[in-house]
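Could you look at this predicted model? Sequence included:
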Amino acid sequence: QVQLVEFGGGSVQAGGLLRSPCAALTYPPTMAWFRRVPGKEREGVAASVGYVATRYADSVKGRFTISKDSAKSVLYLTMNTLKPEDTAMYYCAAAYYTTSPLNPGQYNYWGQGTQVTVSS
């Protein structure tokens, strides 16, 4: 059983930085962050694939970084140069096998979500 718990999130002004950790008791090969805005479908933000590769949505490339601290069993999403359109509920997810790492339908395990709000 994979259990994921997100922390962090919060409110920040545009241009600011946030770092959200996701604690996991076990690390499947693919772990990712998704976000959801009310009324819209869940969007893939960043994925760590097979312990070595990463994938990013075009909207966050160059601004967001996904990383792992295996010793602490924590997955991080570091969000730089935040924009108001980044405001969403952010979710940590995990899967043992994916062919499309930013597709939420391929993930079996989810955290409860953490809110990120960016004001202009």
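The structure has been received and is ready for your questions. The structure presented is a predicted model; accordingly, all values stated were derived computationally and were not measured.

The chain: helices as residue ranges?
With DSSP state H as the definition, the chain shows no helices.

got a list of what the residue nearest to the spatial centre of it touches?
Nearest to the mean C-alpha position of the chain, counting by CA atoms, centre = their mean, stands Trp33 at 2.0 Å. Taking CB atoms under 8 Å, 6 or more residues apart in numbering, we find Trp33 in contact with 20, 22, 45-47, 66, 75, 77, 90-93. Every C-beta, even on glycine, is put in place using the N, C-alpha and C of the backbone.

go on, Val45?
Neighbours of Val45 in contact, by CB under 8 Å, 6+ apart: 32-35, 56-57, 60, 64, 77, 90, 102.

In TSV, list those along with distance to Val118.
Below are those laid out as TSV (distance: CB to CB, whole Å):
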residue	distance to Val118
Ala32	21
Trp33	16
Phe34	17
Arg35	12
Tyr56	18
Ala57	16
Val60	12
Phe64	13
Leu77	14
Tyr90	12
Leu102	21
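
now, among those, which is nearest to Gly16?
Phe64 (13.1 Å; CB to CB).
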